[in-house]
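turn this into a model:
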Amino acid sequence: MDRLPPFALHRPASVADATRLLAGNGARPLAGGTDLLPNLRRGLGQPTTLVELGGIAGLDAIVRGAEGIEIGAGVTLAALAADAGFSGSAAALAEAARAVAAPAHRNAATLGGNLCQDTRCVFYNQSEWWRAANDWCLKHGGTTCHVAPQGSRCHAAFSGDLAPALIALDADVTLASTRGTRRLPLADLYRNDGAAHLALEPDELLVSVLLPHAPAGARSGYRKARVRGALEYPLAGVAIALVADGPRIGAIVVAITGLNPLPLRLQGTEAFVGRTVDEGLLAELGKLVAKQAQPMRTTATPANHRRQVAAVLAGRLLRELADPAPGAGEPRDAGCA
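This is a model prediction of the structure:
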């Protein structure tokens, strides 16, 4: 990696000041920096201004209220992983936070940063000289996606762990800008374009996530596959939120990550409502995942292998959630070496 490029650093005291600074050309928000700073050292962007968010009061707050749990964008992943309030119905969030990188990263990385992290690809996340020698790529500096040269769209994969967990839990996000605030479902924050995957205006800042109260009988979980047991982005990740109606499914949401340019809420799971979790249903779920997952050659692991692993992860997780016996829901990784 090279040295960081020159930039002006601002540390605003309020969200209003931060959005005003972000409205200037070439400004980028900086929280934990675990995604942004390594990219800048690889030459992936040269912002003239970094807006450091650590001095804004309230961004690191977790508030439990009438609508649900409002989580500030500056809350660290370590805090989410350690919060005993994220268990049972919201266990997917804590499990996803614990699955990110290593303890030192989780101590710095933030909720907002994880949700807004850049997409990844073996042709993009390389040094400047490597990308130059390989004729750049569509996402940065070039005109061709080396993953799909005949197409016109970037296929870099979104590889965040927290987004699928929060999408499965029906979370909303609040965005602030110089024009005010707006709230939208987290799933609507993303677009199916690896080069422009966030539906954010240049001056918009993600300030909080609202996790609604879960109905009785709800439980959730998150599982990921990665090459090593730590320090790795998901090659495939699956989150499931389940409401049990006795032995039958009362409601179910499945979301996947690491496979498409956006974290994807699986379509078609309403067909499982009213059914018990058996081998037939698990096979149907696997087919849904395999059909909607669209992994490309963005990692060192074959795309079809990642698709199959995602289907297996979904089936294992649903079986665990349907059988909440002690130990049944212990988080497990699936190795993909």
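
so is residue 40 in a helix, a strand, or just coil?
helix (DSSP: H, G, I helix; E, B strand; the rest coil).

tell me how far the spatially closest residue to it that is not a sequence neighbour lies from residue 43.
Closest residue to residue 40 apart from its sequence neighbours, by CB to CB, 6 or more residues apart in numbering: residue 4 at 5.5 Å. In this view, the C-beta of every residue, glycine as well, is placed from N, C-alpha and C. Per CB to CB, to the nearest Å, residue 4 is found 10 Å from residue 43.

what's the answer for residue 84, then?
42 Å.

re earlier: residue 4 and residue 43: who's more crowded?
The residue with more neighbours, out of residue 4 and residue 43, is residue 43; 19 against 11, by other CB atoms under 10 Å.

that one in helix, strand or coil?
coil.

show me what contacts the nearest residue to it once chain neighbours are set aside?
Ranked by CB to CB, 6+ apart and with sequence neighbours excluded, the top spatial neighbour of residue 43 is residue 128, at 3.7 Å. Listed by CB atoms under 8 Å, 6 or more residues apart in numbering, the contact set of residue 128 reads 2, 42, 43.

let me know the closest of those to residue 324.
Nearest to residue 324 among the contacts of residue 128: residue 42, at 43.8 Å, using CB to CB.

show me what contacts the closest one?
Contact partners of residue 42, counting by CB under 8 Å, 6+ apart, are 1, 2, 125, 126, 127, 128.

next: residue 234.
For residue 234, the contacting residues are 99, 159, 161, 224, 225, 226, 257, 258, by CB under 8 Å, 6+ apart.

got TSV for those, with distance to residue 282 too?
Formatted as TSV, these follow (distance: CB to CB, whole Å):
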residue	distance to residue 282
99	22
159	26
161	23
224	19
225	17
226	23
257	20
258	21
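
with pLDDT added, can I get those residues in a markdown table?
A markdown table is the format used below for the contacts of residue 234 (pLDDT from 0 to 100):
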| residue | pLDDT |
| --- | --- |
| 99 | 97 |
| 159 | 97 |
| 161 | 98 |
| 224 | 97 |
| 225 | 96 |
| 226 | 94 |
| 257 | 98 |
| 258 | 98 |
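
possible to save those as CSV with secondary structure, distance to residue 235 and neighbour count?
Shown next, in CSV, are the contacts of residue 234 (DSSP: H, G, I helix; E, B strand; the rest coil; distance: CB to CB, whole Å; neighbours: other CB atoms under 10 Å):
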residue, secondary structure, distance to residue 235, neighbour count
99, coil, 12, 23
159, coil, 9, 27
161, coil, 12, 28
224, strand, 8, 29
225, strand, 5, 22
226, strand, 6, 23
257, strand, 10, 30
258, coil, 6, 28
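
which among the residues you listed gets closest to residue 49?
residue 159 (26.5 Å).

surely the closest one meets residue 236?
No: assessed by CB atoms under 8 Å, residue 159 is found out of contact with residue 236, at 9.8 Å.

what sits in contact with each of those two?
Common neighbours of residue 159 and residue 236 (CB under 8 Å, 6+ apart) are 257, 258.

what about residue 60, which helix or strand?
Per DSSP states H and E, residue 60 falls between elements, in no helix or strand.

let me see the contact set for it.
Contact analysis of residue 60 by CB under 8 Å, 6+ apart lists 72, 74, 75, 76, 79.

leaving out the residues flanking it, which one is nearest to it?
residue 74 (4.2 Å).

doesn't residue 94 lie inside a strand?
No: the assignment for residue 94, made by three-state DSSP, is helix rather than a strand.

pretty sure the residue nearest to residue 40 contacts residue 41?
Yes: contact criterion CB under 8 Å: residue 4 and residue 41 qualify, at 5.9 Å.

and the lengthiest helix in the chain, what's buried?
The helix spanning the most residues in the chain, taking DSSP state H as the definition, is helix 303-322. Under the neighbour-count criterion of 16 or more other CB atoms under 10 Å, helix 303-322 has 303, 306-322 buried.

and for stretch 275-291?
When burial is assessed from 16+ other CB under 10 Å, stretch 275-291 yields the following buried residues: 277, 281, 282, 284, 285, 286, 288, 289.

could you provide these in a markdown table, with additional columns for secondary structure?
Shown next, in a markdown table, are these (three-state DSSP):
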| residue | secondary structure |
| --- | --- |
| 277 | coil |
| 281 | helix |
| 282 | helix |
| 284 | helix |
| 285 | helix |
| 286 | helix |
| 288 | helix |
| 289 | helix |
